[in-house]
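K.L.:
sequence and predicted model, in that order:
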Amino acid sequence: MQSDKKTFKSGYVAIVGKPNVGKSTLINDFLGCKLSIVTPKPQTTRKKIMGVLTKEDYQIVFYDTPGMMEPKYELQKYMVREAYDAIKDADVVLMMVESFEPPTDKDKEFLGKLSHLSIPVILAINKIDLVKKDSLIPILSAYSEQFKFAEIVPVSALNGTNLDLMLTLIAKYLPEGEPFYPEDYMTDYNERFMASEIIREKVFEFYGEEIPYSTTVDIEEFKERGEGKDFIKAIIYVERDSQKGIIIGENGKAIKRVGVIAREEIEKQSGRKVYLELWVKVMEKWRKDKSKLRKLGYE
Ligand SMILES: Nc1nc2c(ncn2[C@@H]2O[C@H](COP(=O)(O)OP(=O)(O)O)[C@@H](O)[C@H]2O)c(=O)[nH]1
Ligand SMILES: [Mg+2]
């Protein structure tokens, strides 16, 4: 007897695109939780972030990636490598662009690189909540002239528009195969990383100009204490003494604010009470120095 069980599909999907187009918002939407940090500033995401979505007949292993850019220093080189790493392993590439920008020369160059890979590329035209429907048509045709996309889907990651459609279309291009992970598995990163990302997100939100870009967060201690509060000691690294002063703020006010908001969010995500200790240290030019980057977890 033939079983009428549907064949199961599973595969890797890399979400790529320029900084700030909405990639992290999209993966969070798909997974229904805040996996990847989102801020209004570009270049928030520094490492590829994995998120597994399991449905009745498919499993998608998403990778959120840092934005594509012309790297100017070592950290940015690392970020771009992370993105290409995710693409290399992908069964489907989900390229995201904004609905108000036709393809630039840089986009064309990037699409040229993708065309050598023979991986299906789905184009997500995001932020359609910000534009009139009519204005989408020229953008759509400008992109389809540049590349043979498997699908083109206008979406709003913020409002959730067309995201179910997007999932159905992605599933269409996945290879048949068993799931890679158990169905309730969501990500490979641990609570230590989650805590450091939440702190980094608050730094991106609360400080201006170069500060967020000169900052990284290292969790020096993370003690789970069954009964009492978890203890987290985090170091916020900056590049210069003057930045240390700004992070701390007058009478420590600014860093206190980071600490309170970050702790609340870490508690919300971990479901446990947390004691968060924040320190600020200077590590000169860490963004430009390979061995410092390695020490700080960018390897
Ligand atoms: N209006 C609007 N804003 C969006 C949408 N998707 C993302 N954003 C905003 O765009 C900014 C960058 O989003 P993020 O997900 O961090 O972009 P990423 O750098 O590509 O990961 C954030 O302020 C988001 O809230 C959308 O569909 N519509
Ligand atoms: Mg991001």
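P.N.:
Ah, there it is. Numbers count the residues shown, from 1 in each chain. Ligands and ions are numbered 1, 2, ... in the order given.
K.L.:
every contact and neighbour count from this point should use C-alpha atoms.
P.N.:
Will do.
K.L.:
tell me the contacts of the residue of the stretch 51-200 of the chain found nearest ligand 2?
P.N.:
Residue of the stretch 51-200 of the chain nearest ligand 2, by C-alpha to the ion: residue 66 (5.9 Å). Taking C-alpha atoms under 8 Å, 6 or more residues apart in numbering, we find residue 66 in contact with 16, 19, 43, 44, 45, 46, 47, 48, 79, 80, 82, 83.
K.L.:
what packs against the helix or strand containing residue 196?
P.N.:
Using DSSP states H and E, the element containing residue 196 is helix 191-206. In this structure, helix 191-206 packs against strand 216-223, helix 253-270, with contacts taken as 3 or more C-alpha pairs under 8 Å, 6 or more residues apart in numbering; DSSP states H and E.
K.L.:
please repeat the previous calculation with a cut-off of 10 Å.
P.N.:
Packing partners of helix 191-206 (3 or more C-alpha pairs under 10 Å, 6 or more residues apart in numbering; DSSP states H and E): strand 216-223, strand 230-238, helix 253-270.
K.L.:
what comes up buried for the worst-scoring helix or strand of the chain on mean pLDDT?
P.N.:
One helix or strand of the chain scores below all others by mean pLDDT, DSSP states H and E: helix 105-115, with a mean of 91. Using 16 or more other C-alpha atoms under 10 Å as the test for burial, helix 105-115 gives 107, 111, 114.
K.L.:
near ligand 2, which of the residues you listed show up?
P.N.:
Among those, no residue is within reach of ligand 2 (C-alpha under 5 Å from the ion).
K.L.:
number of nearby residues for the residue of the stretch 151-299 of the chain found nearest ligand 2?
P.N.:
Of all residues in the stretch 151-299 of the chain, the one sitting closest to ligand 2 is residue 201 (10.7 Å; C-alpha to the ion). With neighbours defined by other C-alpha atoms under 10 Å, the count for residue 201 comes to 21.
K.L.:
also residue 14?
P.N.:
When neighbours are defined as other C-alpha under 10 Å, residue 14 has 28 of them.
K.L.:
how about the residue of the stretch 151-299 of the chain closest to ligand 2, what does it touch?
P.N.:
Counting by C-alpha atoms under 10 Å, 6 or more residues apart in numbering, residue 201 makes contact with 36, 37, 38, 39, 41, 44, 45, 195, 212, 258, 262.
K.L.:
distance check, the residue nearest to residue 26 when sequence neighbours are not counted against residue 124.
P.N.:
Excluding the flanking residues, the one nearest residue 26 by C-alpha to C-alpha, 6 or more residues apart in numbering is residue 157, at 5.1 Å. From residue 157 over to residue 124 the distance is 10 Å, taken as C-alpha to C-alpha, to the nearest Å.
K.L.:
anything in contact with each of the two?
P.N.:
With contacts defined as C-alpha under 10 Å, 6+ apart, the residues adjacent to both residue 157 and residue 124 are 22, 23, 26, 163.
K.L.:
host element of the third one?
P.N.:
Put plainly, it is residue 26. Secondary structure (DSSP H and E) places residue 26 in helix 23-31.
K.L.:
could you check whether the very next helix or strand once past that helix is close to ligand 2?
P.N.:
Using DSSP H and E, the helix or strand that follows helix 23-31 towards the C-terminus is strand 49-54. No - shown here: strand 49-54 not in contact with ligand 2 (C-alpha under 5 Å from the ion), separated by at least 9.2 Å.
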